[in-house]
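[1] Sequence first, then the predicted structure:
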Amino acid sequence: MNDANAVDRGQVTTDLPLQTQLMGSLALVFILSAIAGIVGYATFDATSLENSVRAKATMYASNLSSQLYGPIAVNDTSYAEEVIAPLVSDRNVYGVAVYAPGGRQLAGHGTYPVTLVSGDKVTLADDRVLVTLRDIEIGEGAVGQLYLALSTEHIASARFRAAQFPAMTTAVVLLFVILLSLAHSFSVMMSEIVRLFEERRQMERTEKVRLEKLVSERTRDLTLVVEGTQAIPFALDVEDGHFEYIGPQGPQRLGFSEDLWKQIGFLDRLIPRDRNGQTRDRIDGSTAGSFEIETSVLTQDDKRVDLRWVASCEQSDSTGQHKVLRGMMLDVTDQRRLENDLAQAQKLESVGRLAAGVAHEINTPVQFVSDSVSFVREAMDDLSEIVDKYRELRNATEQGADIAAAAKAAEEAEDDADLDYILENAPVALDRARDGLGRVAAIVRSMKEFAHPDRKEMAQVDINQAIGSTLVIATNEYKYVAEVETEFGAIPPVNCYAGEINQVVLNLIVNAAHAIGDVVQGTQDKGKIRVTTRVLDDQVEIAIADTGKGIPADVRARIFDPFFTTKEVGRGTGQGLAIARTVVVDKHGGTLHFETEVGKGTTFFIRLPISGPSSASAAA
C-alpha cells in the first residue's frame with residue numbers, strides 16, 4: 001500500500017502543472033491554426049474569380065459604349081446619369097463615370113477622376129480595383145471617355161475564407177484534445193487535493209494532541225507556580241456566590257475548608273452585605289474587564305485579614321452566562337498594619353514637633369491668667385480690711401459709739417487700699433483670666449481633636465472646624481513668619497477619616513511655613529498663608545497657598561516620592577507629602593495636586609468626594 005502511494009505521488013510530481021499544460025495546449029492550437037491558414041491562403045486559386053471580374057468589366061463597358069454615344073454627343077448630363085444608373089446597385093462597382101470630349105465629366109458614381117481625356121493613365125491608391133477605359137467616338141475626331149472600375153476585394157475575402165476553414169477545423173480538434181487533457185489534469189488535481197487534505201487533517205490531529213499535551217503541562221506548571229506563592233488564586237461565580245476554584249492557600253490562610261468555599265452562598269459568609277456593603281456592590285456590579293478591590297474578612301477563628309482582590313470579570317456562553325471573577329487575592333494585612341504604624345508615627349512625630357510650640361502657646365495665656373488672679377487675690381486682702389472697717393462703723397452706729405472716728409477709719413482704709421483702682425481693674429483682670437482660660441481650653445480641645453485615635457469607619461466631618469483646630473495647634477510653626485488668612489465656604493459634612501485629613505492639612509501648613517521662612521529669614525517681614533474651602537460639584541476643595549519661593553521645576557515630579565525632601569537634614573523626613581497623597585488619593589478616592597511659580601509661591605489643592613470614595617479599594 002505504501003509503495004502504491006509512493007508511485008502515485010511520484011507520478012503526480014512528474015506531471016506538468018495544470019497551468020503549464022493549458023498554456024502549452026493553447027500555444028499548439030495557435031501554431032497549427034496559423035499553419036493551416038497559411039497553407040489554405042497560399043493554395044487558393046483566384047484566377048477564375050479574376051477572369052470573371054474582367055469579363056464582367058468588358059460586358060459593362062460594351063453595353064455602356066453603345067448607349068453613351070447620344071449623351072456624349074449632345075452633352076446631356078441627365079441622359080448620361082440614366083445610362084449608368086443600373087450599375088449603381090452592383091456592389092462590385094468601385095466607380096463609373098462618363099466624360100465629354102475635352103475631359104469634362106458628364107456623370108459619375110463612386111470613385112472616379114475629375115477629368116479624363118483619351119490617352120490619360122489612371123492611378124488609384126487601392127490596388128484591389130480593376131479599371132477599364134473605353135473611348136467613345138462621336139465623329140469629326142471627337143472622342144468621349146467611359147471610366148469603369150470594379151473592386152476585387154471579394155477575391156481576397158474568398159481567399160481568407162478558404163484559409164479559415166482548415167484553421168478552424170484544426171482548432172476544434174485541438175480544443176477537444178485540450179478538454180480531454182484538462183479532464184485528466186482535473187482528475188489528477190482532485191486526487192492530489194484529497195491526498196493533501198487527508199495529510200493536513202492527520203497533521204492537525206497530531207498537532208492538536210501535541211498542543212493539548214503542551215497546554216496541560218504548562219497549565220500544571222502554572223498551577224504549581226501560582227499555588228506556591230502567598231497569593232490566593234480563585235474563580236468566583238458571582239451569581240451563585242460560590243468559588244468554582246480556590247487555591248490551597250485560601251483554606252490554609254482563612255481556615256475554611258475547600259468544600260465550604262465551593263458551597264453556594266459562601267460569599268455571603270466571607271463578605272457579609274451588612275458589614276461590607278460597598279465591596280459587595282462593587283463585586284455585584286462588576287463588568288467585563290480588570291479591576292481591584294480591597295476589603296477585610298474574618299477567618300474561621302474570627303481573626304481579621306485584609307485582602308486585595310486583583311480580578312477580571314468574564315461573562316460568556318462558556319460560563320453559562322454567569323458572571324465569573326477570576327484572579328488573585330493578596331493578603332495585605334501586614335502591609336496595612338505597617339502603613340497604619342507609619343501614619344501613626346508620622347502623627348506622633350508631628351505632635352512631638354508641635355509640643356514645644358503648644359506649650360509656649362499655652363504658657364502665654366496661663367501667665368496672664370496667673371497675673372490676673374494674683375492681682376485679684378491681693379485686692380481681696382485689701383477689700384477684707386475695708387470690709388472690717390465698715391463692719392466697725394456699723395457696730396458703732398448700732399451701739400451709739402464714736403461714729404465719726406469709725407467713719408474716719410473706714411475712709412483711711414479705702415485710701416490705703418486704693419479702692420477706686422481695685423473696683424476699676426478687678427473686673428478687667430477677671431475678664432483677662434476668663435479669656436486666657438478660654439484660649440487654653442481651645443488649644444487643649446484642638447490638640448485633643450488632632451491627636452484623637454482614628455475611627456475604623458469613615459464619619460461625617462466638618463472640614464472647616466477640622467482645619468480651624470489644626471491651625472490652632474500649628475500656630476507656633478507659622479506665627480513668626482506668616483499671617484494666616486482663612487476663607488471657609490459653606491460646605492456640607494464630608495464622609496472621611498478626620499484624623500488623617502487633619503494630618504494632611506498640618507503637613508501642608510508646616511511645609512508652607514517652612515517655605516515662607518526661607519524667604520523672610522533675617523528680615524522683619526512676614527509672608528502669608530491663605531486657606532480656603534469651597535464645593536466643586538460632588539467634591540470639597542481645600543486650597544492652601546503660601547508666598548514662599550515656589551518649587552523648582554527639576555524637583556516637581558518627585559515631591560510626592562517617599563523620603564524625598566529639599567530641606568536640610570533634621571528639618572524634614574520626606575514622608576509628609578507621600579503620606580498626604582496616600583491618604584487623599586488611595587484612601588479617600590480624591591486628588592492632590594499643586595500649582596507653583598518660582599519666586600511667588602505654591603498652592604496645594606485637596607479635593608475630597610463629599611459622599612466618600614466610590615471604589616471599594618479606596619474605602620478599604
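    Done, it's in.
[2] can you list the weak-confidence ranges in the stretch 51-200 of the chain?
    By pLDDT under 70, the low-scoring segments of the stretch 51-200 of the chain are 124-127, 154-156, 158-167, 170-171, 173.
[3] so where do the helices sit in it?
    Here the stretch 51-200 of the chain has its helices, by DSSP state H, counting those that start in this stretch, at 69-74, 77-84, 153-227.
[4] ditto for the stretch 401-550 of the chain
    Applying DSSP H, counting those that start in this stretch to the stretch 401-550 of the chain gives helices spanning 403-417, 419-451, 463-473, 475-478, 498-520.
[5] could the ones you listed be laid out in CSV, adding mean neighbour count and distance to residue 396?
    (Glycine included, C-beta is placed from N, CA and C.) Shown next, in CSV, are the helices of the stretch 401-550 of the chain (neighbours: other Cβ atoms under 10 Å; distance: least, Cβ to Cβ, whole Å):
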stretch, mean neighbour count, distance to residue 396
helix 403-417, 15, 4
helix 419-451, 15, 20
helix 463-473, 21, 57
helix 475-478, 20, 58
helix 498-520, 22, 67
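[6] Going by mean pLDDT, which of those comes out lowest?
    In terms of average pLDDT, helix 419-451 trails the rest of those, at a mean of 71.
[7] measure residue 513 to residue 605 for me?
    Computed as Cβ to Cβ, to the nearest Å, the residue 513 to residue 605 distance reads 18 Å.
[8] Surely residue 559 touches residue 551?
    Yes. Under the criterion of Cβ atoms under 8 Å, residue 559 makes contact with residue 551 at 6.5 Å.
[9] Which residues are in contact with each of those two?
    Common neighbours of residue 559 and residue 551 (criterion: Cβ atoms under 8 Å, 6 or more residues apart in numbering): residue 594.
[10] Which stretches in the stretch 201-350 of the chain count as helices?
    Taking DSSP H, counting those that start in this stretch as the test, the helices found in the stretch 201-350 of the chain are 249-254, 258-261, 266-270, 277-284, 333-399.
[11] between these, which gets the lowest average pLDDT?
    When I compare the helices of the stretch 201-350 of the chain, helix 333-399 is least confident, with a mean of 71.
[12] how near is residue 582 to residue 542?
    Residue 582 sits at a distance of 17 Å from residue 542 (criterion: Cβ to Cβ).
[13] Could you pull up the residues touching the residue nearest to residue 142 when sequence neighbours are not counted?
    Distances taken as Cβ to Cβ, 6 or more residues apart in numbering put residue 101 closest to residue 142, at 4.2 Å, once the chain neighbours are dropped. Residue 101 sits next to 72, 117, 138, 142, 143, 144 when contact means Cβ under 8 Å, 6+ apart.
[14] Excluding chain neighbours, what is closest to the second one?
    Leaving out its chain neighbours, the residue that sits closest to residue 117 by Cβ to Cβ, 6+ apart is residue 103, at 4.1 Å.
[15] For that neighbour, give me phi and psi.
    phi 100, psi 0 (degrees, to the nearest 10).
[16] neighbours of it, just the number please.
    Around residue 103 there are 15 other residues, counting by other Cβ atoms under 10 Å.
[17] That one touches residue 115, doesn't it?
    Yes. In this structure residue 103 lies within contact range of residue 115 using Cβ under 8 Å: 3.9 Å.
[18] got a list of what residue 265 touches?
    By Cβ under 8 Å, 6+ apart, residue 265 lies in contact with 240, 241, 242.
[19] before we move on, what about residue 187?
    By Cβ under 8 Å, 6+ apart, residue 187 lies in contact with nothing.
[20] and it, how far is that from residue 298?
    From residue 187 to residue 298 the distance is 77 Å (Cβ to Cβ).
[21] And residue 236, by the same measure?
    18 Å.
[22] Go through stretch 292-311 and flag the buried ones.
    For stretch 292-311, the neighbour count (16 or more other Cβ atoms under 10 Å) marks 293, 294, 295, 296, 297, 298, 305, 306, 307, 308, 309, 311 as buried.
[23] Oops, could you answer that again for stretch 116-132 instead?
    Buried-residue list, stretch 116-132, by 16+ other Cβ under 10 Å: 116, 129, 130, 131, 132.
[24] The last one contacts residue 59, doesn't it?
    No. Under the criterion of Cβ under 8 Å, residue 132 lies out of contact with residue 59, with a separation of 10.3 Å.
[25] Most distant residue from the centre of this protein?
    residue 140 (111.9 Å; Cα atoms, centre = their mean).
[26] re earlier: so which of the contacts of residue 101 is the closest to residue 289?
    Taking Cβ to Cβ as the measure, residue 289 lies nearest residue 117 of the contacts of residue 101, at 106.2 Å.
[27] residue contacts, that closest one?
    With Cβ under 8 Å, 6+ apart, residue 117 has these contacts: 99, 101, 102, 103, 145.
[28] now do residue 130
    50, 53, 54, 57, 149, 150, 151, 152.
[29] distance of it from residue 266?
    Counting by Cβ to Cβ - residue 130 and residue 266 are separated by 114 Å.
[30] ok, now residue 379?
    According to Cβ to Cβ, residue 379 and residue 266 sit 78 Å apart.
[31] go on, residue 91?
    Distance from residue 91 to residue 266, by Cβ to Cβ: 105 Å.
[32] Compare the two (neighbour count), which wins?
    With neighbours defined as other Cβ under 10 Å, residue 91 and residue 266 compare such that residue 266 has more, 19 against 8.
[33] which ones are touching the closest residue to the more buried one other than its chain neighbours?
    Of all residues not flanking residue 266 in the chain, residue 242 sits nearest, at 5.4 Å (Cβ to Cβ, 6+ apart). Residues near residue 242 by Cβ under 8 Å, 6+ apart: 236, 261, 262, 263, 264, 265, 266, 267.
[34] and with 7 Å instead?
    Applying Cβ atoms under 7 Å, 6 or more residues apart in numbering, we find residue 242 in contact with 262, 263, 264, 265, 266.
[35] ok, the residue nearest to residue 76 when sequence neighbours are not counted - how many residues close by?
    The spatially closest residue to residue 76, leaving aside those adjacent along the chain, is residue 70, at 7.2 Å (Cβ to Cβ, 6+ apart). For residue 70, the neighbour count with other Cβ under 10 Å is 13.
[36] ok, now how distant is the closest residue to residue 233 other than its chain neighbours from residue 303?
    Of all residues not flanking residue 233 in the chain, residue 247 sits nearest, at 4.1 Å (Cβ to Cβ, 6+ apart). Distance, residue 247 to residue 303, by Cβ to Cβ: 20 Å.
[37] Check residue 188 too.
    For residue 188, the distance to residue 303 - Cβ to Cβ - is 78 Å.
[38] got it, and residue 132?
    Between residue 132 and residue 303 the computed distance is 132 Å (Cβ to Cβ).
[39] same check, this time on residue 501
    To residue 303, residue 501 is 30 Å away according to Cβ to Cβ.
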